Structure formats: C-alpha cells, structure tokens
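Participant: my questions concern the predicted model and sequence given below.
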Amino acid sequence: MRTKVLLLFFIPLLLAGTAMAARHSEKVQVSDPYMELHTGPGRNYPVFFVIERGEWVKILKRKTRWFKVRAAAGKEGWVAREQMERTLTIWGKKMHLKEATQHDFSQRRWELGALYGDFDGADAISMYGAYGFSRNLSAELSVAQVLGDFSDSLLISIDILAQPFPDWRLSPFFTLGTGIINSNSRNSLVQTADSTDQISYAGLGARIYLGRRFIFRGEYRNYVIFTSRNDNKEINEWNAGLAFFF
C-alpha cells in the first residue's frame with residue numbers, strides 16, 4: 001500500500017518535469033527536401049506522412065530527442081531532433097534547440113520535487129514547491145504525509161532556504177521553517193488522541209544537478225513540536241528524492 005502511495009507522488013513529478021522542460025508552441029519551416037513524421041518517438045516507429053520543403057509545422061511537445069509536431073494538413077507525428085535542427089524559424093534562421101545546463105540550475109527560479117524518508121521511524125512522503133528570490137535565497141512550501149504504525153500525520157510547512165554555493169554541481173543548503181502537524185490515530189487498540197500542533201525546524205542538505213532539468217535532493221531536518229501538553233517533542237527526519245526546475 002505504501003509503495004503505491006509513493007508511486008502516486010513520484011510519477012506525476014517525473015511526467016510534469018518532462019512536460020514542463022519540453023513544452024514548445026512555436027512554428028518552424030521545413031528546409032530539407034522533406035520531413036518524415038513517425039508514429040512514435042523513435043526510429044523503430046514507421047514513417048506515415050511526409051511534409052514537403054517550405055511547409056510550416058507547429059511544435060507540440062518534446063520527448064528526449066524527438067519532437068511531436070502538427071503539419072498544416074492537420075497530421076501529427078514525431079520528428080527526430082536532427083531534422084528539427086535544420087528547420088527555419090519565422091525570422092529565417094536555423095532553429096536553436098537549447099538544452100538546460102548547470103548554469104540554468106544555478107539561475108533557476110522555480111523548483112518542484114517529491115521526497116521519501118524517515119520521520120522518527122515512520123515513512124514520510126512529501127512534495128514541495130520553491131521560488132528563488134535570488135541565486136542564494138528561496139522560499140519553499142511543502143506538504144508531507146507521515147505513515148506510522150498507529151497513527152498518520154499531515155505536515156504542512158514553509159521555510160527559507162539558503163544556498164551559499166549556487167554554482168556548485170553538488171550544492172549544500174540550510175533551511176529554517178515553521179508549520180503545523182495534524183496527527184490522527186488509526187488503531188482502535190491504542191488510545192492516542194488526535195491533535196494539531198505547531199512545529200518549527202532547522203535543516204541542512206544538498207542538491208546534486210543530474211542533467212537537463214533534474215535534481216537529486218537529500219536533507220536532514222530537526223523538528224520541535226509544540227504540543228498543547230507543554231511537553232515539546234523533538235523529531236528527526238531524513239529524506240531524499242527527485243526534483244526538477246524551470
């Protein structure tokens with residue numbers, strides 16, 4: 001069950017990362033004698049339509065080195081990157097297909113990720129979004145589901161993240177944040193009261209630029225839960241996962 005929940009978090013992230021990193025809406029003109037449309041993104045897929053030189057095509061989306069395009073006749077198919085690089089823009093210049101680089105990683109504004117880890121012995125699955133105010137400072141909003149043996153918790157938090165070395169491929173960071181945690185008992189044999197408490201935390205971790213727009217992220221957080229019983233608790237969390245930037 002927990003594996004299925006984890007997949008539900010990570011699969012949309014990967015799909016969204018691919019789509020957002022590869023979204024296009026421009027038109028280009030065929031400069032080769034003809035452009036071959038394949039039924040799928042690969043040379044193993046058959047060619048089913050040919051577009052002649054001088055015709056315009058609209059780029060719909062990208063998948064690795066293949067582009068889905070729509071011809072003026074309404075036909076949609078996949079074109080290899082090599083042919084796309086020889087097409088012309090509306091200004092009559094060769095199309096330039098820019099790949100995300102480590103420089104783009106250091107200059108990123110938005111980041112979205114999914115993490116999995118250990119929250120005081122319980123499984124923790126979280127998603128977060130971040131906005132960078134500068135190369136060194138960003139704000140993050142995260143939502144986490146903690147799956148314990150006797151209770152489940154929903155954790156919502158916001159933090160400030162400082163990244164002192166944004167140009168490094170392996171870039172360390174530090175966080176300070178606050179939020180709330182809502183805990184609900186799911187075991188009738190253990191009388192654990194439901195509760196909603198405020199939290200604060202400090203953390204540290206690192207991002208590793210993997211290539212294109214993908215990042216591996218790992219971090220440690222130390223939480224203080226301010227309970228209504230005046231017996232504050234400290235919780236340690238370790239997690240890691242994937243993110244993409246745009």
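Facilitator: Now that the structure is in, tell me what you want to look at.
Participant: give me the local confidence score for Ala22.
Facilitator: We note a pLDDT of 44 for Ala22 in this prediction.
Participant: now do the one 5 residues further on
Facilitator: Reading off the per-residue confidence, Lys27 sits at a pLDDT of 88.
Participant: repeat that for Gln191.
Facilitator: Gln191 is given a pLDDT of 54.
Participant: quick one, strands of the chain?
Facilitator: 27-29, 34-38, 47-52, 56-63, 66-71, 76-80, 110-119, 122-132, 137-147, 151-162, 170-185, 195-211, 214-226, 233-245 (DSSP state E).
Participant: so which of those comes closest to Thr101?
Facilitator: Of all the strands of the chain, it is strand 195-211 that lies closest to Thr101, at 9.0 Å by Cβ to Cβ. All C-beta spots, glycine's among them, are computed from the backbone N, C-alpha and C.
Participant: pull out the buried positions in the closest one.
Facilitator: Under the neighbour-count criterion of 16 or more other Cβ atoms under 10 Å, strand 195-211 has Ser195, Asp197, Ile199, Ser200, Tyr201, Gly203, Gly205, Ala206, Arg207, Tyr209 buried.
Participant: got those as a markdown table, with distance to Val224 and pLDDT columns?
Facilitator: Converted to a markdown table, the buried residues of strand 195-211 look like this (distance: Cβ to Cβ, whole Å; pLDDT from 0 to 100):
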| residue | distance to Val224 | pLDDT |
| --- | --- | --- |
| Ser195 | 15 | 82 |
| Asp197 | 10 | 91 |
| Ile199 | 7 | 95 |
| Ser200 | 5 | 96 |
| Tyr201 | 7 | 97 |
| Gly203 | 12 | 97 |
| Gly205 | 18 | 97 |
| Ala206 | 23 | 97 |
| Arg207 | 25 | 95 |
| Tyr209 | 32 | 93 |
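Participant: thanks a lot, see you next time.
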